[in-house]
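Peer 1: Give me a 3D structure for the following:
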Amino acid sequence: MKIVIIGQQDFGKAVLEAFVNRGDQVAGVFCRPEKPGSKPDAMRLEALARGVQVFQFDNLTGSAAHEAMQALAPDLGVMAYVVQFAPQSLLQIPKHGSLQFHPSLLPKYRGPSAINWAISRGEKQTGLTIFRPTDGLDEGAVISQKTCDIGPDETLGDVYFNKLFPMGVTALLEAADAVVSGNGQTWVQDESQASYEGWFLASESKINWAQHIDLVYDLIRACNPAPGAWSLVGDKKLFLFDCIKHRIGRYGDSKGKPGEITQISDTSVFITAHSGQVEVLKVRAEDGKKMAAADYARSQGLAAGSRLS
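Peer 2: As a prediction, this is how the structure comes out:
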């Protein structure tokens, strides 16, 4: 089939490679323009290396994007990690319309940070949806869904890169075949079950040490590797990444007050939350690089009794 891919970065690159490697024709790719000084877009670089036309429009609503899509005359549009608004008028140009990947079991967790929100709320299962995009955010008819478990210690990176990323590439190939062959069936999303969540930003990723240890730990997992759950050391942000959860009972009675450092080992720092402690292995100061939590604590003169807020 002849397709156009709208997307970016590593997921868009993987989808491009998958279609090309099985013999489909990728007529062009649409990706957001990179900001000055930012890392080059992996999908754009891969497309150029394969001789595929690349289009980078400031928006996809204007006539330039529509004319480019019409000129390519694709059989199908494939949306793979899209952060620009793509209007239905553009997505209906391909002969068989377009399909889109979303990393949740729609209609739950519509929005741009679906995996973060699911993990932060202690979900035990998530999945992906391939659907027919409309002008409503993640509201189109569903083509297919696949589920996966969220392990009790899995991070955002674990769930995305090890599960939803490879599952998503395969699901897009399967859905494309079904749509172009005319064998695909769709179903309407149940709006009574719908939920929408915005970007998981700094305000959502701040740690409240007075909360239950499960909530604190889930938040840290949901933000690892990005945007990073954070707390304050003095007036400076400290981002926490790799951690271990210790509930009351494993190390005796709960120690310290919320946010208090109770122990600094050779490699980690123990911080108290309600009903347990978080053993922090990796941190990053807001103006630094990731490092061992114990090394950071010693460099800042932190000790048992120091508090994070």
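Peer 1: Would you state the helices of the stretch 51-200 of the chain in chain order?
Peer 2: With helices called from DSSP state H, counting those that start in this stretch, the stretch 51-200 of the chain shows them at 63-72, 88-91, 114-120, 156-159, 165-181.
Peer 1: Show me what the first one is packed up against.
Peer 2: Using 3 or more Cβ pairs under 8 Å, 6 or more residues apart in numbering; DSSP states H and E as the contact criterion, the secondary-structure elements in contact with helix 63-72 are strand 2-7, strand 25-30, strand 53-55, helix 88-91. The way it works is simple: take the backbone N, C-alpha and C, and place the C-beta from them, glycine included.
Peer 1: pLDDT score for the nearest residue to residue 78 once chain neighbours are set aside?
Peer 2: Once flanking residues are discounted, residue 78 sits nearest to residue 5: 5.0 Å by Cβ to Cβ, 6 or more residues apart in numbering. pLDDT recorded at residue 5 is 98.
Peer 1: partners of residue 5 in the sheet?
Peer 2: residue 29, residue 78 (DSSP bridges).
Peer 1: Go ahead and confirm it touches residue 19.
Peer 2: Yes. Applying Cβ atoms under 8 Å as the test, residue 5 and residue 19 come out as touching, 7.5 Å apart.
Peer 1: Show me the common contact partners of these two, please.
Peer 2: Shared contacts of residue 5 and residue 19 (Cβ atoms under 8 Å, 6 or more residues apart in numbering): 26, 78.
Peer 1: Who has more neighbours out of these two?
Peer 2: residue 5 (28 against 22; other Cβ atoms under 10 Å).
Peer 1: Now do the contacts for that one.
Peer 2: Counting by Cβ under 8 Å, 6+ apart, residue 5 has contacts 12, 15-16, 19, 26, 28-30, 43, 77-80.
Peer 1: Now for residue 82, how many residues are close by?
Peer 2: Close neighbours of residue 82, defined as other Cβ under 10 Å, add up to 23.
Peer 1: Show the pLDDT at it.
Peer 2: 94.
Peer 1: Could you do residue 237 as well?
Peer 2: At residue 237, pLDDT is 97.
Peer 1: Residue 287 versus that one, what's the distance?
Peer 2: Going from residue 237 to residue 287 by Cβ to Cβ, to the nearest Å gives 9 Å.
Peer 1: For the two, indicate the residue with more neighbours.
Peer 2: Neighbour totals were compared for residue 237 and residue 287, and residue 237 leads with 16 against 7 (other Cβ under 10 Å).
Peer 1: Okay, and that one sits in which element?
Peer 2: Assigned by DSSP states H and E, residue 237 belongs to strand 236-240.
Peer 1: residues making contact with the helix or strand just after that strand?
Peer 2: Later in the chain than strand 236-240, the nearest helix or strand by DSSP H and E is strand 243-247. Strand 243-247 is contacted from outside by 153, 213-214, 217, 220-221, 268, 270, 275-281, using Cβ under 8 Å, 6+ apart.
Peer 1: strands paired with whichever helix or strand residue 283 is part of, and their directions?
Peer 2: Using DSSP H and E, residue 283 sits within strand 282-285. Each strand paired with strand 282-285, and its direction, by DSSP bridges: strand 236-240 (antiparallel), strand 290-292 (antiparallel).
Peer 1: Centre of the chain to that strand, how far?
Peer 2: 20 Å (Cα atoms, centre = their mean, to the nearest Å).
Peer 1: could I get the helices and strands packed on helix 63-72 as JSON lines with distance to residue 176?
Peer 2: What follows is these, written out as JSON lines (distance: least, Cβ to Cβ, whole Å):
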{"stretch": "strand 2-7", "distance to residue 176": "7"}
{"stretch": "strand 25-30", "distance to residue 176": "12"}
{"stretch": "strand 53-55", "distance to residue 176": "19"}
{"stretch": "helix 88-91", "distance to residue 176": "14"}
